[in-house]
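K.L.:
Predicted structure and sequence below. I'll ask about it afterward.
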Amino acid sequence: KNEVEQSPQNLTAQEGEFITINCSYSVGISALHWLQQHPGGGIVSLFMLSSGKKKHGRLIATINIQEKHSSLHITASHPRDSAVYICAAHNDMRFGAGTRLTVKP
Amino acid sequence: DTGVSQDPRHKITKRGQNVTFRCDPISEHNRLYWYRQTLGQGPEFLTYFQNEAQLEKSRLLSDRFSAERPKGSFSTLEIQRTEQGDSAMYLCASSLGGYDGYTFGSGTRLTVV
């Protein structure tokens, strides 16, 4: 059983929709990363957060350390948001399996 | 280019051969991480360095795998006697530590035939 779990595994949305990806972890952590991986393998660090909420453009990440849960939201989704989104525990960088997002025009 | 660079980008090798990959982190980053990613899976942690010290190794890192960071700058990951199951993308990342974010390299894709 992976100690970092994401849901859903796959997500298809229409352009413009509001998207939520969830991450739950069973180990205590000090912070959590959200990463984006496009086809071809490049990984980009989106957020690292230890409490509350962070926002960057159309992306919003929230975390509740006590509940061991984080969410990544994308507002006004666009086809270029199509990628795999991965959460990872900061302490030892255990990764979730990723959520494959496809945004259709 | 001030990002994390990995070399080579692609490596095809015959089973049983040894391979070595290199990672050059962002120069001021003292932490360096190696990961392995197979198709459809998230990255799996292999090992990480704080400067030249290897602080943690995953049990995934069998005795055929060895990593070094001799001067606390670039790192190498060597796989001896490669097996087909070693075929994967090998990713390197670096960070300043603390609560700073990570920067990933583009990875080395290994195919063992």
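P.N.:
Sure thing, it's come through.
K.L.:
Could I get the buried residue list for the helix or strand of chain A with the lowest mean pLDDT?
P.N.:
Each helix and strand of chain A was given a mean pLDDT (mean pLDDT, DSSP states H and E); the minimum falls on strand A:43-49 at a mean of 87. Within strand A:43-49, the residues scored as buried using 16 or more other C-beta atoms under 10 Å in any protein chain shown are A:43, A:45-49. Bear in mind the C-beta positions are built from the backbone N, C-alpha and C, glycine included.
K.L.:
which one of those is nearest B:Leu55?
P.N.:
A:Met48 (19.2 Å; C-beta to C-beta).
K.L.:
Determine if any part of the helix or strand where A:Thr102 lies is in contact with chain B.
P.N.:
Assigned by DSSP states H and E, A:Thr102 belongs to strand A:99-104. No: Strand A:99-104 is not in contact with chain B by C-beta under 8 Å from any C-beta of the partner chain; minimum separation 8.6 Å.
K.L.:
Identify the residues contacting that strand?
P.N.:
With contact meaning C-beta atoms under 8 Å, 6 or more residues apart in numbering or on different chains, strand A:99-104 is reached by A:6-15, A:17, A:19, A:21, A:74, A:77-86.
K.L.:
Mind doing that once more with 6 Å?
P.N.:
By C-beta atoms under 6 Å, 6 or more residues apart in numbering or on different chains, the residues outside strand A:99-104 that reach it are A:6, A:10-15, A:21, A:77, A:79, A:81-82, A:84-85.
K.L.:
How about stretch A:76-92?
P.N.:
A:4, A:6, A:13, A:16-17, A:19, A:21, A:23, A:25, A:29-38, A:58, A:72, A:74, A:95-96, A:98-103, A:105, B:42.
K.L.:
So which of the residues you listed sit within strands?
P.N.:
A:4, A:6, A:13, A:19, A:21, A:23, A:25, A:32-37, A:72, A:74, A:99-103 (DSSP state E).
K.L.:
quick one on the thing from earlier: give the pairing partners of the least confident helix or strand of chain A; include direction for each.
P.N.:
Partners of strand A:43-49 in the sheet, by DSSP bridges, are strand A:32-37 (antiparallel).
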